[in-house]
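[1] coordinates only, sequence not included:
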Ligand code: FAD
């Protein structure tokens, strides 16, 4: 393990050791299976460079940046008729605005899901013309070569949505939380780049880059802490809505697969080991208690929507895909924890879009993978880089 990190995860209710143990024993194995199921591997997304802030800078054309369509053989049966994808559509869709997508999908599969707007995010899922389906399993989040001023300005803009807008004496717990979530997500993205890196272009050799993980994440203990924080935050959101998530419709037309999806969901939601060791991974009830709580919540909601809009400016297609997915997943976690229940609108019940649930579970899986990689490879990376 990483002995540097012991005791409770800041603002959370579980300690580092417990998180590592639960992640390795129960959470990571279930999540890894879950994201492979047909329901969870297709993400609906608007991928075009559609940035209101800066012009396209050509980053989209990097080879390892582009996203591929779902091959027909991969598509669940109920998705296929009547429009079939032609082989022409199997090549990467970069630069192909008309890449064929079965637009009848929504009315046929995934019945029973609502189409209401998420107040925390900028994307509108009902905007079908612009949307495409991507098989996440074929487009893993990893090193893409996206770097330089184009990537830097996105991160700068994302962080500027946070603290600088407030005079420092006003900084309260809630604002720190938004910063920690973004920083934790940033750590996770960096760790995936390090875990799956193009080591040698000539031979197309991919592998781990431990010095990158050290330089970008491990060297700054706060970034590791923020990763554990966002993991517990999102885990709390998932386990806070067990009835809703258990009863939701996971139908893709393949009874065996759908049964498996459902049983994996139950394994996650009602895991006895998780309930015994870390029943409330994050305590959201403590937040928004102050006098200007509602006002503050609105402010942070607007900031998060701006962060969501910035994802349209990510200049590399695959980074944009995962950036959008993970920001939507985080927006869904925020919606579950803060937009429903208790508070002013106690009559409001939870309603989620199918895409929100897909994003939420895939985000949790990405974070779980990062926590696992830090736990397994962190000590080795530190030994090498710190020379002892
Ligand atoms: P960056 O990672 O760009 O960091 C910029 C600055 O932010 C750092 O100098 C530091 O001051 C601060 N910072 C860094 N990490 C943290 C943290 N955890 N908490 C707080 N502050 C921090 N590249 C890929 O290869 N594959 C991808 O899938 C990918 N997805 C991306 C998704 C998004 C939304 C964005 C904006 C970028 C993505 N990138 C991806 C690019 C990647 O994140 C880096 O920007 C790029 O590799 C250049 O890294 P860098 O060393 O300049 O530092």
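    Thanks, I have the structure now. Because the structure is a prediction, the values reported are computed rather than measured.

[2] for residue 301, give me its contacts.
    For residue 301, the contact set (CB atoms under 8 Å, 6 or more residues apart in numbering) comprises 119, 120, 334. (C-beta placed from N, C-alpha, C; glycine too.)

[3] hmm, 10 Å instead?
    By CB atoms under 10 Å, 6 or more residues apart in numbering, residue 301 lies in contact with 119, 120, 121, 178, 331, 334, 335, 338, 339.

[4] against the ligand, how distant is the second one?
    Taking CB to the nearest ligand atom, to the nearest Å as the measure, residue 120 and the ligand are separated by 17 Å.

[5] quick check: that residue touching residue 300?
    Yes. Proximity of residue 120 to residue 300 meets the contact threshold set by CB atoms under 10 Å, at 9.1 Å.

[6] who has more neighbours out of these two?
    residue 120 (24 against 21; other CB atoms under 10 Å).

[7] so the more buried one lies in a helix, does it not?
    No. Counting by DSSP: H, G, I helix; E, B strand; the rest coil, residue 120 is not part of a helix but coil.

[8] give me the pLDDT for it.
    Per-residue pLDDT puts residue 120 at 71.

[9] same check, this time on residue 116
    pLDDT, residue 116: 63.

[10] ok, the contacts of residue 301 vs the ligand, which is closest?
    Nearest to the ligand out of these is residue 178 (CB to the nearest ligand atom; 12.3 Å).

[11] give the burial count for the closest one, as a bare number.
    20.

[12] quick one: stretch 145-154 to chain centroid distance?
    When C-alpha coordinates are averaged (CA atoms, centre = their mean, to the nearest Å), stretch 145-154 and its chain have centres 20 Å apart.

[13] that one near the ligand at all?
    Yes. Interface with the ligand: stretch 145-154 contributes 146, 147, 151, 152, 154 (CB under 6 Å from any ligand atom).

[14] show me what from the stretch 1-150 of the chain comes close to the ligand.
    141, 143, 144, 146, 147.

[15] and the closest residue to residue 151 other than its chain neighbours, which of the three is it?
    What sits nearest to residue 151 in space, not counting adjacent residues and going by CB to CB, 6 or more residues apart in numbering, is residue 315, at 7.3 Å. Under three-state DSSP, the three-state class of residue 315 is coil.

[16] list residues touching both of residue 120 and residue 300?
    Residues touching both residue 120 and residue 300 by CB under 10 Å, 6+ apart: 334, 338.

[17] selecting buried members of the residues of stretch 145-154 next to the ligand in PyMOL, what would you type?
    In PyMOL, a selection of the buried entries from these looks like this (16 or more other CB atoms under 10 Å):
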select buried, resi 146+151+154
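
[18] any chance of the residues of stretch 145-154 next to the ligand in a markdown table, plus secondary structure, pLDDT and distance to residue 219?
    Formatted as a markdown table, the residues of stretch 145-154 next to the ligand follow (DSSP: H, G, I helix; E, B strand; the rest coil; pLDDT from 0 to 100; distance: CB to CB, whole Å):
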| residue | secondary structure | pLDDT | distance to residue 219 |
| --- | --- | --- | --- |
| 146 | coil | 87 | 22 |
| 147 | coil | 88 | 18 |
| 151 | helix | 89 | 19 |
| 152 | helix | 92 | 18 |
| 154 | helix | 91 | 22 |
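
[19] so where do the helices sit in the stretch 151-300 of the chain?
    Assigned by DSSP state H, counting those that start in this stretch, the stretch 151-300 of the chain shows helices spanning 173-195, 210-213, 221-240, 242-247, 255-269, 272-277, 293-310.

[20] deepest-packed of the ones you listed, please.
    Across the helices of the stretch 151-300 of the chain, averaging neighbours per residue (mean count of other CB atoms under 10 Å) puts helix 221-240 on top, at a mean of 23.

[21] quick one: mean pLDDT over that one.
    Averaged over helix 221-240, pLDDT sits at 96.

[22] mind giving me the packing neighbours of it?
    If contacts are counted by 3 or more CB pairs under 10 Å, 6 or more residues apart in numbering; DSSP states H and E, helix 221-240 sits against helix 16-22, helix 173-195, helix 255-269, helix 272-277, helix 317-334, helix 354-386.
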